[in-house]
Structures are given as structure tokens and as C-alpha cells.
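K.L.:
any chance you can model this:
(2 chains)
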There are 2 protein chains.
Amino acid sequence: MVRDSRMTTHVALVSRAFGCRKIFMTYVDDSILNTVNDVTNRWGGKDQFEIQYIEDWRGLITSWKKTGGIIVHLTMYGLDVDKIINHLNIEKRVLVVVGASKVPRGVYSMADYNLAIGHQPHSEISALAIFLDRLFKGDELEKYFKDAKIVITPSKEGKRVRLSD
Amino acid sequence: MVRDSRMTTHVALVSRAFGCRKIFMTYVDDSILNTVNDVTNRWGGKDQFEIQYIEDWRGLITSWKKTGGIIVHLTMYGLDVDKIINHLNIEKRVLVVVGASKVPRGVYSMADYNLAIGHQPHSEISALAIFLDRLFKGDELEKYFKDAKIVITPSKEGKRVRLSD
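P.N.:
Predicted structure coming up:
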């Protein structure tokens, strides 16, 4: 299967925009890094969001669990997100695993929760966004980064921005 | 700018999975149609979801408004979705316009509402999903199509499906 940089870039942008601190990727190329760095430079988040390339996703999951974090795998075969979300212990660090059909079967058993964002096929991008929106109860839509060079002034029509130095 | 079939396909899949009746597209290719038809054949929705190719998006917006529908354009420059969503008249037919940076400026003035799903760059796929989730108050995640050949049985681990004839 061909790696799709644009899809992966959008997964990274959703992670940043919806309140994740970090994204671990088993595949990164220059176009992904350039886009995300460009967004972070202009819209902020240099100290609040980072991409980390990993080779060994099993090792990451294992050590994440060992150090007290929980693993949520988003899959349309999982339990309904709305039935489970309030039972998640959000005091713990949450590692969200997405990857559509490419996710190896082992992830299902390693995950603490296999959660479905509906049981219809759609997109890892929309699944991640809805999950984070549920997790942060909508607060992520007010996200603002201190080091932003451009800040939007919400507008009824057109594009209004404030530039800072 | 290169047309991106995979992104467009995911926009179509979100539309179907999150309760839209129809998607109008100014660009359709075989890979998009094949994927969406394949999903609709297996997971259902033949009578409940369709793709319509259009050339003249201005004409569509104009006639949509003339016949009493409302236009919602999703843009990170718009007003906060959570401040406006409860004021939308959902008795009316809603046409949602998405398209990231490719959206012509005219759309901003033709839209009844320019709404932001946060004011950070992310993805038209996630923006559409969050908007529809707000519009349908989460009910769309229980969506089920009568003519589905495969129906998922939500599962704590692994993949369980029921096949119908």
C-alpha cells in the first residue's frame, strides 16, 4: 500500500489543533514535516506539540502502559465511544492509536480500549477529531498557542487576522 | 494544485457516515466513485446517500438559497461553531461547503454562515465531521443503513460482524 503523505499530514494537524502534545509516527517524510513545521511556525505550538518518528510501535505501546499510560485504539469494530468516554481515566496519559486498515491485529489486544467513532467506514482523520473532541469536551476548539505569529479574529464574512511580532 | 482523490473520498465517506443525504462534487474520478460505491454496496445506504457531480457551484448555491435552504461554509476564519450551531434553523435543508484553501472568496459572501471548527488549521475532513456531529448532536454515530450487507457488532477486542443476505 502506498503511503499517503497528505492524509498523514492531516492526522498530524488534527493532533496539534485538537490538543495532543505529541504524535508518534512510523512513517515521516519531508512533505509531512515541512507542512507541520510551517503550521507550527506561523500558528504556534513549538513548545506544545512535536512529532516523533518511531520504528518500534510495539515497544512504544508496551513502555507507555508500563509507565502508567493508557492506550485507546480507534476502530469502527470497537465499543461505542459515547458509552466509554466518561469512564476513561483522563488523569493518565492517553496514547491514541489510529491507522485505518493498516493497523496490525496485535493492536486490538494491546489496547486498553478499542473504541468506535460510529460503526461506518469514514476516515482516521475524522475519527481522531471526534475522539479528541469528546475527550476534551469541546474545549479544544478554543485552543490558542502563545507563540502564534498569526491569530484569527473570528469573522462573519471574509478573513481577519492579527499578526504579532 | 493537484486534485487529491483520497482526501475527497474521505470527505464523501464522512458525509455518508455522518448523516448527509447527498454530496455535490466539482471533481469526481473513478477512484472516488469506486470506493464510495463499494462502501455503499457493502455497508448500505444506496437509497440514503448519493454523489452528484456539478460544474456550477455558484448556480447550486443560488438555487439552494432560492428554494429556502441555508448555506454553511466551514472555514477557520469564521465564527465559532459552538456559538452559532443552536441558532441554525435545522428545519431547513442545510448545504455545507468545505474545500480548505481552494474555496473561492465568493463563497464567504454567498454563505449564510461562515463557521469555524476551531481557528487552527487542520482538515476539511475533521471540520466536516465535527460540524455534522454538532448538528446531529452525536446521534449520527448510531447511524445504521437498512440495506447493509455487513453490520458490525461492537466488540471490546477484535472484529465481529454480522452478514445479511
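K.L.:
can you give me the strands in chain A?
P.N.:
With DSSP state E as the criterion, chain A has strands at A:22-25, A:50-53, A:70-80, A:94-97, A:113-116, A:150-152, A:161-163.
K.L.:
what is the neighbour count of residue A:31?
P.N.:
12 (other Cβ atoms under 10 Å in any protein chain shown). (Glycine included, C-beta is placed from N, CA and C.)
K.L.:
residue A:24 too?
P.N.:
17.
K.L.:
low-confidence ranges in chain A?
P.N.:
Flagging of chain A using pLDDT under 70 yields the residue ranges A:1-3, A:100-101, A:165.
K.L.:
make it 90
P.N.:
A:1-6, A:26-28, A:89-91, A:99-105, A:143-144, A:164-165 (pLDDT under 90).
K.L.:
before we move on, the earlier item: for residue B:35, which of the strands of chain A is the nearest?
P.N.:
The closest approach between residue B:35 and any of the strands of chain A, judged by Cβ to Cβ, belongs to strand A:70-80 at 15.4 Å.
K.L.:
how about the closest one: buried residues?
P.N.:
Using 16 or more other Cβ atoms under 10 Å in any protein chain shown as the burial criterion, the residues of strand A:70-80 that qualify are A:70-79.
K.L.:
need the residues you listed in JSON lines with distance to residue A:142, can you?
P.N.:
As requested, the buried residues of strand A:70-80 are arranged in JSON lines below (distance: Cβ to Cβ, whole Å):
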{"residue": "A:70", "distance to residue A:142": "25"}
{"residue": "A:71", "distance to residue A:142": "27"}
{"residue": "A:72", "distance to residue A:142": "23"}
{"residue": "A:73", "distance to residue A:142": "28"}
{"residue": "A:74", "distance to residue A:142": "23"}
{"residue": "A:75", "distance to residue A:142": "29"}
{"residue": "A:76", "distance to residue A:142": "29"}
{"residue": "A:77", "distance to residue A:142": "33"}
{"residue": "A:78", "distance to residue A:142": "28"}
{"residue": "A:79", "distance to residue A:142": "29"}
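K.L.:
in these, find the pair that's most separated.
P.N.:
Of all pairs drawn from the buried residues of strand A:70-80, the widest gap by Cβ to Cβ lies between A:70 and A:76 and measures 20.2 Å.
K.L.:
want to throw the strands of chain A into a markdown table with distance to chain B?
P.N.:
Formatted as a markdown table, the strands of chain A follow (distance: least, Cβ to the nearest Cβ, whole Å):
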| stretch | distance to chain B |
| --- | --- |
| strand A:22-25 | 13 |
| strand A:50-53 | 15 |
| strand A:70-80 | 4 |
| strand A:94-97 | 13 |
| strand A:113-116 | 6 |
| strand A:150-152 | 4 |
| strand A:161-163 | 8 |
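K.L.:
need the contact list for residue A:123.
P.N.:
Applying Cβ atoms under 8 Å, 6 or more residues apart in numbering or on different chains, we find residue A:123 in contact with A:7, A:100, B:10, B:13-14, B:125, B:129.
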